[in-house]
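*Asks:* Provided below are the primary sequence and the corresponding predicted coordinates.
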Amino acid sequence: MILGIDFLQIFLHVFNIVILFGGMYILVYKPVAAFMDNREKEYKETEEKAVKLLSEAEGKKKEYEDALANAGEEIKKMRDEAEKEVAQYKLKENEAARAEALKIVEDAKAEGARRKAGIVDGAKKDISRMIEEAARKIMESDDNMPAFESFLKESEKQDAGGDTDGRK
């Protein structure tokens, strides 16, 4: 012991401090440093992902802005195409309506002609029946024999192609 200093005690204190710092380094500093390194890596990865996602989002934003700018043109094109389709549909419908109208008119004409023929046939039958009745009445009465003969002469003129006044 020199000057009252016990070097063994100092050496033991230094040794204890070295063991304390060594133990603290191994037990506390290394795990905390490793934890801090892992956290730093996670934050860097998160930042890289965020930067990547941000750049993708900016790219998509630009695409959407371009799409919005072109949307007006696309809408106009689609509207023009729709108008063309509507015009074609109207034209087809008008043609179909005209064809149907012509068919209805043709059917009406045919029905009119059929009815007219029916009316004419009915009138002919009525006239024939009336002529037969008149002829029967004339034949039944003897005093109208000259009238019957004039009737027959008139009928023969009509069959020959002339009217009652002798014209053709």
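*Replies:* Ah, there it is.

*Asks:* Any regions of the protein where pLDDT drops low?
*Replies:* 1-2, 141-148, 160-168 (pLDDT under 70).

*Asks:* Show me the helices in it, by range?
*Replies:* Under the criterion DSSP state H, helices of the chain are mapped to 7-24, 30-140, 145-159.

*Asks:* which helices and strands does the last one pack with?
*Replies:* Spelled out, it's helix 145-159. In terms of contacts (3 or more CB pairs under 8 Å, 6 or more residues apart in numbering; DSSP states H and E), helix 145-159 is packed against helix 30-140. C-betas here are computed from N, CA, C, even on glycine.

*Asks:* Just want the angle from the helix it packs on to helix 7-24.
*Replies:* Counting by axes from the mean of the first three to the mean of the last three CA atoms, to 10 degrees, helix 30-140 lies at 10 degrees to helix 7-24.

*Asks:* which of the helices of the chain sits most buried?
*Replies:* helix 145-159 (a mean of 12; mean count of other CB atoms under 10 Å).

*Asks:* Please tell me how far Lys157 sits from Lys77.
*Replies:* According to CB to CB, to the nearest Å, Lys157 and Lys77 sit 82 Å apart.

*Asks:* With Glu156 instead?
*Replies:* 84 Å.

*Asks:* same thing with Ile104?
*Replies:* Ile104 is 40 Å from Lys77, by CB to CB.

*Asks:* ditto for Glu56
*Replies:* For Glu56 relative to Lys77 (CB to CB), the value is 29 Å.

*Asks:* likewise Phe21?
*Replies:* 78 Å.

*Asks:* With Gly122 instead?
*Replies:* 66 Å.

*Asks:* Please apply the same query to Leu27.
*Replies:* 73 Å.

*Asks:* Dead centre of this structure: give me the residue that sits there.
*Replies:* Centroid check for the chain by CA atoms, centre = their mean gives Ala82 as the closest residue, at 9.4 Å.

*Asks:* what's the distance between that one and Lys157?
*Replies:* From Ala82 over to Lys157 the distance is 75 Å, taken as CB to CB.

*Asks:* List the residues that contact Gly4.
*Replies:* By CB atoms under 8 Å, 6 or more residues apart in numbering, no residues touch Gly4.

*Asks:* Same question for Ile19.
*Replies:* No contacts exist for Ile19 under CB under 8 Å, 6+ apart.

*Asks:* Next one: Lys61 relative to Leu54, how far apart?
*Replies:* Taking CB to CB as the measure, Lys61 falls 10 Å from Leu54.
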